[in-house]
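A.B. asks: for reference, the sequence and a predicted model appear below.
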Number of protein chains: 4
Amino acid sequence: MSVPLRVTINYRVPYADTDQMHVVYYANYLAFFERGRNELLRACGHTYRALEASGIGLPVAEAHVEYHAPATYDDLLGITAWCEGIKGARLTIRCEVRREEKLLVEGYTVHAIVDLRTMRPIRPSPELKSALGCASCPAPSQSGFTN
Amino acid sequence: MSVPLRVTINYRVPYADTDQMHVVYYANYLAFFERGRNELLRACGHTYRALEASGIGLPVAEAHVEYHAPATYDDLLGITAWCEGIKGARLTIRCEVRREEKLLVEGYTVHAIVDLRTMRPIRPSPELKSALGCASCPAPSQSGFTN
Amino acid sequence: MSVPLRVTINYRVPYADTDQMHVVYYANYLAFFERGRNELLRACGHTYRALEASGIGLPVAEAHVEYHAPATYDDLLGITAWCEGIKGARLTIRCEVRREEKLLVEGYTVHAIVDLRTMRPIRPSPELKSALGCASCPAPSQSGFTN
Amino acid sequence: MSVPLRVTINYRVPYADTDQMHVVYYANYLAFFERGRNELLRACGHTYRALEASGIGLPVAEAHVEYHAPATYDDLLGITAWCEGIKGARLTIRCEVRREEKLLVEGYTVHAIVDLRTMRPIRPSPELKSALGCASCPAPSQSGFTN
């Protein structure tokens, strides 16, 4: 039994992210998702910069966002990202944005896993799956509970 | 027989929209969708600014984007928006981004139709439906062709 | 007697550009300036994309903005750009942002003129000066009026 | 003898901030400056959110940026902000962006200090000057050296 690695980073909302409705502009959450993915990869041992340097890219094929409640200026947000799974050459990363415990926004991005020289899809090796946060890993406890 | 109004605007991609992969950064398409929606409403007779002034808002509840091919710097894009439908107090707008005939990106946004004083959902009147581009309108010709 | 070419483009402000003070966020004017520069170069016969393809780049060395009055959502702005001059390998482009006749924001950017292979500065040829909008050009009329 | 409070925050550059020249797009540094200012005010005891809630705003009147060397994707930047001075109802904040010790970008913003109800300038009280990071404060040492 295993759970994927979940990584959470803190993010302080600047004025730059807000719009005239006094909330974070809806497109900016996709940049928040990117920040979460970056730190997920770093926590898995290889940065996205290193992945690209090794010739592998993860262009976004699909993005989906659900907006439950707005974030506002100067909020300290928690952005959480984890690998939902890999099918063939497609990687799905899920993200949540919270203010304290409250879930504000959630969604996912689907990425093609490509060889950057050819831009053709490649099936990830077990090592790459691990670097993408999608390897099975031991459950955090024997109790069977995961949070 | 009727078809919804489709509005297309031109948009020239600045350096500001690109990222280091030499393509438009994925979040920016949501801003393109917004530009399309703004012009759809204007073509329907009321700007979004006028809608807000009348006490009605359309906060985004959900967004979805599919990326088929990248747009690049200085591309002249066509951004097309149309109302897909209204269910209760929820409006769906679909968008497409093309370079000449080629479809690059498509997706949709779902909007809550709200009273801005209370932020509570409201069911749109026929007049409001029309202002949102979702009224039935006569087919552009008797021939049965629509483009 | 000569005047530099001045190019003005129209730009409609989306929600994306606003902030919670109900005005365009101050950093976005630098992207407006870029849009103006792009069209200035296009009007001079070579796009910035073509300049880069020929091996020449114009990285920004300095930017300055003065904010006189705010632009707001859905404003139709006029962005005007012109070449102020070239000294050695440095090009200065001035920009103004207006709503109808009213001057909202003005400023300039200073660009290094560089060989993109070496990133070293180069002194522009007369042809390049012309492509940058900085050649002397005949006054539009003998009357002494310029607009 | 006194020195102004200098506050430095760390910032990790996302893909979102880059452009196709593989560097941070030049307008984004003004958003970095804002992040620095926000933390300077927080360190002085009142957030900008609290300032606004008390009826005081700091709209930007002027911005200036000098670009010495580019920041790139995934760089961990240090953004430093401090109050340069107040003249009448005008506040100048200086900012520097560094990667490790290397100075990449520097500049300043000039802010009008305004009453948000009237948008008229106000001369700051000593308490407000202190909240803006512009109060005199004891030198960090008797040696006369400041860095």
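C.D. replies: Nice, thanks for sending it over.

A.B. asks: going forward, measure contacts and count neighbours with C-alpha atoms only.
C.D. replies: Will do.

A.B. asks: what does chain A put close to chain C?
C.D. replies: For chain A, the residues in contact with chain C (C-alpha under 8 Å from any C-alpha of the partner chain) are A:15, A:16, A:17, A:18, A:19, A:20, A:21, A:22, A:23, A:25.

A.B. asks: for the last one, the count of nearby residues, please.
C.D. replies: Residues lying near residue A:25 (other C-alpha atoms under 10 Å in any protein chain shown) number 26.

A.B. asks: quick check: pLDDT value at it.
C.D. replies: Note on residue A:25: pLDDT of 98.

A.B. asks: again, but for the fifth one
C.D. replies: The per-residue pLDDT reported for residue A:19 equals 98.

A.B. asks: would you confirm that it contacts residue C:72?
C.D. replies: No. Assessed by C-alpha atoms under 8 Å, residue A:19 is found out of contact with residue C:72, at 10.8 Å.

A.B. asks: secondary structure added to the residues of chain A next to chain C, as JSON lines?
C.D. replies: Formatted as JSON lines, the residues of chain A next to chain C follow (DSSP: H, G, I helix; E, B strand; the rest coil):
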{"residue": "A:15", "secondary structure": "helix"}
{"residue": "A:16", "secondary structure": "helix"}
{"residue": "A:17", "secondary structure": "helix"}
{"residue": "A:18", "secondary structure": "strand"}
{"residue": "A:19", "secondary structure": "coil"}
{"residue": "A:20", "secondary structure": "coil"}
{"residue": "A:21", "secondary structure": "coil"}
{"residue": "A:22", "secondary structure": "coil"}
{"residue": "A:23", "secondary structure": "coil"}
{"residue": "A:25", "secondary structure": "coil"}
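
A.B. asks: let me know the closest of the residues you listed to residue A:45.
C.D. replies: Set against residue A:45, the nearest of these by C-alpha to C-alpha is residue A:17 (29.8 Å).

A.B. asks: hmm, that closest one is touching residue A:26, no?
C.D. replies: No. The criterion here is C-alpha under 8 Å, and residue A:17 misses it with residue A:26 at 9.1 Å.

A.B. asks: one step back: and residue A:19 and residue C:72? Which one has more around it.
C.D. replies: residue A:19 (26 against 22).

A.B. asks: dump the residue contacts of that one.
C.D. replies: Residue A:19 sits next to A:25, C:15, C:16, C:17, C:18, C:19, C:20, C:22 when contact means C-alpha atoms under 8 Å, 6 or more residues apart in numbering or on different chains.

A.B. asks: check residue A:84 too.
C.D. replies: Here residue A:84 is in contact with A:4, A:91, A:92, A:93, A:94, A:134 (criterion: C-alpha under 8 Å, 6+ apart).

A.B. asks: please identify which pair of the residues you listed lies farthest apart.
C.D. replies: A:4 and A:91 (13.3 Å).

A.B. asks: out of these two, which sits in the busier spot?
C.D. replies: Neighbour totals were compared for residue A:4 and residue A:91, and residue A:91 leads with 22 against 17 (other C-alpha under 10 Å).

A.B. asks: which helix or strand contains that one?
C.D. replies: In this structure, residue A:91 sits in strand A:90-99 according to DSSP states H and E.

A.B. asks: what do you get for residue A:9?
C.D. replies: Assigning secondary structure by DSSP H and E places residue A:9 in strand A:6-12.

A.B. asks: the following helix or strand past that strand close to chain B?
C.D. replies: Downstream of strand A:6-12, the first helix or strand assigned by DSSP H and E is helix A:28-43. Yes. Helix A:28-43 is in contact with chain B by C-alpha under 8 Å from any C-alpha, via A:28, A:30, A:31.

A.B. asks: can you check stretch A:67-76 too?
C.D. replies: Yes. On the criterion C-alpha under 8 Å from any C-alpha, stretch A:67-76 is in touch with chain B at A:67, A:68.

A.B. asks: list the buried residues for that stretch?
C.D. replies: Buried residues in stretch A:67-76, counted by 16 or more other C-alpha atoms under 10 Å in any protein chain shown: A:67, A:70, A:71, A:72, A:73, A:74, A:75, A:76.

A.B. asks: repeat that for stretch A:124-137.
C.D. replies: Those would be A:124, A:129, A:130, A:131, A:132, A:133, A:134, A:135, for stretch A:124-137 by 16+ other C-alpha under 10 Å.

A.B. asks: what sits against the second one?
C.D. replies: So the one you mean is residue A:129. Contacts for residue A:129 (C-alpha under 8 Å, 6+ apart) come out as A:86, A:135.

A.B. asks: sorry, back to before: redo the contacts of residue A:19 as TSV? Include distance to residue B:62.
C.D. replies: Formatted as TSV, the contacts of residue A:19 follow (distance: C-alpha to C-alpha, whole Å):
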residue	distance to residue B:62
A:25	13
C:15	17
C:16	17
C:17	20
C:18	21
C:19	21
C:20	21
C:22	24
